[in-house]
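# coordinates for the following, if possible.
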Amino acid sequence: MRVSMRNLLTMGDRIMSQQTILIVDDEEDILELLEYNLAREGFRVIRAASAEEALGSVRHQTPDLIVLDLMLPGVGGLDVCKNLKRDDRTMGIPIVMLTARGEEADIVLGLELGADDYVTKPFSTRVLVARIRNVLRRKIDTVNNEDTVLKVHEIEIDPGRHEVVVAGEFVELTFSEFRILHFLARRPGWVFTRCQIVEAIRGENYTVTDRAVDVQIVGIRKKLGKVGSYIETVRGIGYRFRE
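A predicted model of the protein is given here:
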């Protein structure tokens, strides 16, 4: 039976819509707004108005994703994120942070702690739902074998052969450059801090620092030519590979 790409996406969205979302915010109107819109999309919704309530809820029922406000009374959202990511039982739960526009440092810290994405307040519910679907979809995608050949845009990355081909032409990258490109390209749209990139590609035989990441990115872009623009700088945070 032949299944179209549109049908595959529809089935994937249907599967995701059966999942449970925990929303954590101390503002009742935001909780009601999110609960209404997520439930309308078919998600099961759990609400929490504080860090303590959120952590207790996670212990009782593990959600598939958490929408987490950073500005919570008492124990803040960053501490909630830190606690969840330090626990083997909850570290795999994707987290989408809700932040105020001026909390750039908190966004960076949240991403370094392991959060998957962020949305700034005031936000569009449609944008937030789309971000949630993207994070859930990417969670499924990361289960795929990391050694398989990756084809994205005009770039083909073969981790087994350690080769990069752009429009039929081989591109020579250093070991660190290859690891950075592969790491970013496997998760299009994800924003990664320099610290996250360092942690992801660090090995026994080579060293990469935060500042060195910028130098490596410049080198990768130059070697990739015009397709190097797919590696985008997210001001004040880090880098992402364009979706």
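# what residues sit buried inside the lengthiest helix in the chain?
In the chain, with assignment by DSSP state H, the single longest helix is helix 125-141. Of all the residues in helix 125-141, those buried under the rule 16 or more other C-beta atoms under 10 Å are 128-129, 131-139. Every residue, glycine included, has its C-beta placed from N, CA and C.
# which parts of this structure are helices?
Under DSSP H, the chain gives helices at 5-17, 28-40, 51-60, 77-86, 104-113, 125-141, 175-185, 194-201, 210-224.
# who are the packing partners of the longest helix of the chain?
For helix 125-141, the elements it packs on are helix 5-17, helix 28-40, strand 65-69, strand 95-100, strand 117-121, judged by 3 or more C-beta pairs under 8 Å, 6 or more residues apart in numbering; DSSP states H and E.
# mind telling me which of those the model trusts least?
Mean pLDDT is lowest for helix 5-17 out of these, coming in at a mean of 47.
# domains of this protein?
5-141, 150-241 (automatic domain parsing).
# now the residue nearest to Ile46 when sequence neighbours are not counted: how far from Gly56?
Using C-beta to C-beta, 6 or more residues apart in numbering and skipping residues adjacent in sequence, the residue nearest Ile46 is Leu22, 4.6 Å away. According to C-beta to C-beta, to the nearest Å, Leu22 and Gly56 sit 11 Å apart.
# between the two, which one's more packed in?
Shown here are Leu22 and Gly56; by other C-beta atoms under 10 Å, Leu22 has more neighbours (23 against 11).
# so what's the more buried one up against?
Applying C-beta atoms under 8 Å, 6 or more residues apart in numbering to Leu22 gives the contacts 45-48, 54, 57-58, 63, 65-67.
# can you lay out the residues you listed as a markdown table showing neighbour count and distance to Asp87?
What follows is those, written out as a markdown table (neighbours: other C-beta atoms under 10 Å; distance: C-beta to C-beta, whole Å):
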| residue | neighbour count | distance to Asp87 |
| --- | --- | --- |
| Val45 | 18 | 23 |
| Ile46 | 19 | 18 |
| Arg47 | 17 | 21 |
| Ala48 | 23 | 17 |
| Ala54 | 27 | 13 |
| Ser57 | 17 | 14 |
| Val58 | 22 | 9 |
| Pro63 | 21 | 14 |
| Leu65 | 24 | 16 |
| Ile66 | 27 | 13 |
| Val67 | 26 | 19 |
